[in-house]
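**Student:** here is the input, now give the coordinates:
(one chain, ligands or ions: 1)
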Amino acid sequence: MADAFSAKAPGRVNLIGEHTDYNGGMVLPAALSVGLAVALSPRDDDTVAVTSGGYEAPAIRNLSDDAVGEWSDPVVGAVREAKNIGLLNGGATLDVQSSIPEGSGLSSSAALIVAILKAARAAGGGTQSDVELAVAARRVENDYMGVPCGIMDQMAVALATPGTAMALDTKHLEYDLIPLPISHELVVVHSGLTRKLTDGRYAARKVECDATKAHFGTNDLCLLQVEQIEQEELDPVAKRRALHCATEQARVWTAIDALKAGDIAALGQAMNESHISMRDLFEMSLPEIDALVASAQELGAAGARLTGGGFGGCIVACVAKETREAWLEQLLARHPQAGFIDAISGEANGKA
Ligand code: GLA
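**Tutor:** Coordinates of the predicted model:
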């Protein structure tokens, strides 16, 4: 068998800035400690053979296969993209080891695609930058998988470093890595409700935003002024979506400034306000998640919110390090269907 080339990618959590990444806005994701590793050996034929730990049965696919709703779809799409951009001549034999729970909105699919592209870059001696590979990974999601996602997840898993948050301008793909707090942890808790970006609700929001963009004649809902949206004669749903985008953009900047200044109270407030906007304006939450976020706040988190695409998945809460254990115990006692996923802080900064 040909030599194996390996690459890793972490899962990600978004601290704030939801559904802004296809509306010209800012996001603030961070790398998790859960992640995945890929070992890839190029093949001369068009077979894509993949074994895994943390996923389902081994799969034997072909480069010409369409996406069929199986776990190996992102693998086929990534290998096909690697061939298209000149990194591979044919298929590949791969092994994937993952600790990222699927269906939790922590970007297991983006991590898988990015790690495969990075391993293929090593195999093919490619000179593409990590940003170029992130853009290629988004193409796999949009064009091969049919998931109309933005660029946040791919950029985060390709470039974020442990212990930092990535302040990413999704319009220009410029970013800044800001150390996370040391005094507090960003705790990721699964709601127990799984979600899929392919279930139609994410796409429905994208369609609504596209219609609103057409109304305003812009691609960048996040860059509109709140007053301008409020004064506009507009369908109420479109107005709520646009107001979420514009106000969320302001909250991301508040959170970035707060992180830089070590102002936990301001960071927490921005997170809490973001949840209200996701619940009432973007309408992407669920009653169970609202209850989980409310408990997280009542039990002492400086801030808590739904994170990711919405309609299920995880919440993220900012909790003082010394109280985290007791906080989590009480939270899970109140919400037995919820589960701890990960906790990250600035302590991991520089310890990649
Ligand atoms: C999913 C998508 C991202 C982004 C978020 C919502 O994670 O993959 O592109 O739109 O939802 O912020």
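**Student:** neighbouring strands for the one helix or strand in the chain whose mean pLDDT sits lowest, and are they parallel or not?
**Tutor:** Sorting the helices and strands of the chain by mean pLDDT, DSSP states H and E puts strand 47-53 at the bottom, at a mean of 94. Strand 47-53 sits in its sheet next to strand 59-62 (antiparallel), strand 92-98 (parallel), going by DSSP bridges.
**Student:** give me every residue in the stretch 1-150 of the chain lying close to the ligand.
**Tutor:** Selection of the stretch 1-150 of the chain residues close to the ligand by C-beta under 6 Å from any ligand atom yields 14, 18-19, 21-22, 105, 149-150. All C-beta atoms are positioned from the backbone trio N, CA, C, and that covers glycine.
**Student:** so what's G35 up against?
**Tutor:** G35 is in contact with 8-11, 98-100, 111, counting by C-beta atoms under 8 Å, 6 or more residues apart in numbering.
**Student:** which of those residues fall in strands?
**Tutor:** The strands, defined by DSSP state E, take in 8-11, 98 from these.
**Student:** filter these down to the buried ones.
**Tutor:** Applying 16 or more other C-beta atoms under 10 Å to these, the neighbour count classes 9-11, 98 as buried.
**Student:** export those to CSV and tack on pLDDT?
**Tutor:** Below are these laid out as CSV (pLDDT from 0 to 100):
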residue, pLDDT
A9, 98
P10, 97
G11, 96
S98, 93
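**Student:** closest to the ligand out of those residues?
**Tutor:** The closest of those to the ligand turns out to be G11 (C-beta to the nearest ligand atom; 11.1 Å).
**Student:** what's the burial count for G350?
**Tutor:** Residues contacting G350 under the criterion other C-beta atoms under 10 Å number 11.
**Student:** so it touches G163, yeah?
**Tutor:** Yes: the pair G350 / G163 is scored as a contact, 6.8 Å apart, by C-beta atoms under 8 Å.
**Student:** now the residue in the stretch 251-352 of the chain that the ligand sits nearest to, what's its secondary structure?
**Tutor:** The stretch 251-352 of the chain approaches the ligand most closely through G309 (3.3 Å), counting by C-beta to the nearest ligand atom. For G309, the assignment made with DSSP: H, G, I helix; E, B strand; the rest coil gives coil.
**Student:** would you list the phi and psi of it?
**Tutor:** Backbone geometry at G309, expressed as degrees, to the nearest 10, gives phi -70, psi -20.
**Student:** what's the answer for L106, then?
**Tutor:** According to degrees, to the nearest 10, L106 has phi -110, psi 20.
**Student:** number of nearby residues for it?
**Tutor:** When neighbours are counted by other C-beta under 10 Å, L106 registers 29.
**Student:** cool, and A204?
**Tutor:** Neighbours around A204, by other C-beta under 10 Å: 12.
**Student:** gap between it and the ligand?
**Tutor:** Separation of A204 from the ligand (C-beta to the nearest ligand atom, to the nearest Å): 13 Å.
**Student:** one more: S41?
**Tutor:** Applying C-beta to the nearest ligand atom, the value for S41 to the ligand is 29 Å.
**Student:** what does Y175 give?
**Tutor:** Here the criterion is C-beta to the nearest ligand atom. By it, Y175 lies 15 Å from the ligand.
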